[in-house]
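>>> Sequence and predicted structure below; questions after.
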Amino acid sequence: PAKDIIGVLFRAGKMATINDPLDENDLLDIGMELGVDVTIKRAETVEDVISAQLALPDEELGDIQPRPPIITVLGHVDHGKTTLVDKIRSANVAKGEAGGITQHIAAYQVDHNGHKLTFVDTPGHAAFGEMRARGANVTDIVVLVVAADDGVMPQTVECIAHARAAGAPIVVAMNKIDLPGANEQKVLTDLANQNLLPVEWGGDTEVVRVSALNGTGLDNLLETLLVTAELKELKAPTDAPADGVCLEAFRDEGRGPVAWIIVRRGTLRVGDLVLCGPSFGFIRAMYNDRDEEISEAPPATPVRVAGLNAVPNAGDTFLVLADDDIDIAREVAETRQVRGRTELLSRRGGPRTLEEFLSK
Ligand code: GDP
Ligand code: MG
């Protein structure tokens, strides 16, 4: 009975009423005094609830529909990743279209024979690994760019390891086949030595000859990617509140924090309350990879959003919450802000005194 509990506390010199919260020590003391076993169960934190929602299987989020594959281009430096990504995009952007291809984008979608493919601008294999480590992997297929005049290099090997760890199938783009120094046999041998036995040698690694510079073989590459995607039967719930990952973010002079995010599942809409890493806010405006304003984004769509209160980090996951949960969103975002700052300080060698800080 409450009065016994209050009595125990009173004898211990604590004035409590029936509405006061009790801390862990009080509870254990009360148990001892009254001869009752006390088991303490911690309430689920909001973070627990959020993780649980992110971990919900697709089937529990309603109607499942096919979705475009999300493709990341990796490879050794100078083997032609940027050239390839740009060429695929420019071939798909009609001339004179808004935005053009001059503006930097974190990801884009192309249409090949009526099928969509989403390309994430190559984040570099280190960033790819870090995002994977943080559980923010959205990549379905890795395009491994190997220059035909150079073959498999140290970073190529690292990229293979990252793709394997992420469980993403590898499609090899043997690039720069236009060069006189191109040595196709060497590339195939190098790949075989990495346990990527080419299809033409009886293995199951697709190797597509391309020249990112002049566009040779790119249709073939897209076709191969679509076939690879088909085998994976990629699907996602479309009606659910959206979740996904932030690819990059920055502060825009006029628009405030702006984030490139990719929707993993569900549909993101203007007006949605989003919690993204240490930031939150109602989506005020949303733009596609062609800088066109859009009002909703289905799975595998990369979008640029405005309306967050702070700049999130690349690799932060985002989640749409009910409008009523604005206080929860604010609280979680603020807690993460504080934790992020503490971690940053400790990575720099622990919290310092103000004096130390100012003398640096
Ligand atoms: P990244 O470091 O992998 O992003 O490589 P880049 O796309 O920046 O390309 C490195 C260099 O290789 C640039 O000078 C490109 O113009 C050149 N390059 C890329 N693809 C090709 C190609 O297919 N043929 C030739 N000849 N040069 C290429
Ligand atoms: Mg590059």
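Okay, I see it. Ligands and ions are numbered 1, 2, ... in the order given.
>>> touching ligand 1 at all, stretch 158-173?
No - using Cβ under 6 Å from any ligand atom, stretch 158-173 never reaches ligand 1; the gap is at least 9.4 Å. To be clear about C-beta, it is placed using only N, CA and C from the backbone, and glycine gets the same treatment.
>>> which other residues reach that stretch?
For stretch 158-173, contacts defined as Cβ atoms under 8 Å, 6 or more residues apart in numbering pick out 72-76, 84, 125, 128-129, 132, 137, 139-146, 191, 194, 196, 198, 205-208, 210, 212, 217, 221, 224-225, 228, 232.
>>> For the stretch 251-360 of the chain, just list every one of the helices.
Taking DSSP state H, counting those that start in this stretch as the test, the helices found in the stretch 251-360 of the chain are 326-347, 354-359.
>>> Next: the stretch 51-200 of the chain.
Under the criterion DSSP H, counting those that start in this stretch, the stretch 51-200 of the chain carries helices at the ranges 81-92, 125-133, 154-165, 184-193.
>>> Nearest to ligand 2 among the helices of the stretch 251-360 of the chain would be which one?
Nearest of the helices of the stretch 251-360 of the chain to ligand 2, taken as Cβ to the ion: helix 326-347 at 27.2 Å.
>>> How about residues contacting the closest one?
If you take Cβ under 8 Å, 6+ apart as the criterion, helix 326-347 is touched by 46-47, 50, 273-275, 277-280, 309-310, 313, 321, 351-352.
>>> ok, now with 10 Å
Applying Cβ atoms under 10 Å, 6 or more residues apart in numbering, the external contacts of helix 326-347 come out as 45-47, 49-50, 273-282, 308-310, 312-313, 316, 319-323, 325, 351-352, 357.
>>> Can you tell me which of the residues you listed end up in strands?
Leu273, Val274, Leu275, Cys276, Ser279, Phe280, Gly281, Phe282, Leu319, Val320, Leu321 (DSSP state E).
>>> Is it possible to mark the buried ones in the contacts of stretch 158-173?
Neighbour counting over the contacts of stretch 158-173 (16 or more other Cβ atoms under 10 Å) leaves 72-76, 84, 125, 128-129, 132, 137, 139-146, 191, 194, 196, 198, 205-208, 210, 212, 217, 221, 224-225, 228 as the buried ones.
>>> Please go through those residues and note which also touch ligand 1.
Within those, those near ligand 1 by Cβ under 6 Å from any ligand atom are Gly75, Ala212.
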